[in-house]
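Participant: Give me a 3D structure for the following:
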Amino acid sequence: MEHRLGTRIPLSLPVRLHKEGEAAALGRVINVSLSGAYVATSRDYPLLSRVDIVWGGCAEARAGVSAIAAYLIRKEVDGVALEWCEFAPPAIRRLVALARTWRRARVTLGRGNSHRP
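Facilitator: Numbers count the residues shown, from 1 in each chain. As a prediction, the model looks like this:
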């Protein structure tokens, strides 16, 4: 059953997951919404663990994203589903807006080249 609020925005951004008292885990955000994200990672955390997701790339820095607190709400074989502790944190709103802009630019460029064989 889908519980996510808002549209999922596909991404591929490297992140680190931090849980108090444990070494950071590497991951990759596969999609994000105003309520949470899906992160591909091999780290196995218990359900309802509180983690900080730390963004480190230049695109995220331009969007003003650094670290966001979240709870692990679902585990899958290849990753985890996170729900933000605060719905639609400002940094995530900026990241979602930036991702939508990128997507529109790609679609526009694709349409502009559609006359080519």
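
Participant: The closest residue to Arg28 other than its chain neighbours and Pro14: what is the separation?
Facilitator: Nearest residue to Arg28, sequence neighbours excluded (C-beta to C-beta, 6 or more residues apart in numbering): Ala40, at 4.7 Å. For every residue, glycine as well, the C-beta is placed using N, CA and C. According to C-beta to C-beta, to the nearest Å, Ala40 and Pro14 sit 10 Å apart.

Participant: Now for those two: what residues contact both?
Facilitator: 27-28 (C-beta atoms under 8 Å, 6 or more residues apart in numbering).

Participant: quick one: contacts for Arg16?
Facilitator: Arg16 sits next to 24-27, 53-54, 56 when contact means C-beta under 8 Å, 6+ apart.

Participant: For it, which three-state class applies?
Facilitator: strand (DSSP: H, G, I helix; E, B strand; the rest coil).

Participant: what bridges to it?
Facilitator: Following DSSP bridges, Arg16 is listed with bridge partners Leu26, Val54.

Participant: Just the pLDDT at it, thanks.
Facilitator: pLDDT for Arg16: 92.

Participant: could you measure it against Leu26, distance?
Facilitator: As judged by C-beta to C-beta, Arg16 and Leu26 stand 6 Å apart.

Participant: and after the least confident helix or strand in the chain by mean pLDDT, which helix or strand comes next?
Facilitator: Across the helices and strands of the chain, mean confidence by mean pLDDT, DSSP states H and E is lowest for helix 58-62: a mean of 53. Remark: after helix 58-62, the chain's next helix or strand is strand 67-75, criterion DSSP states H and E.
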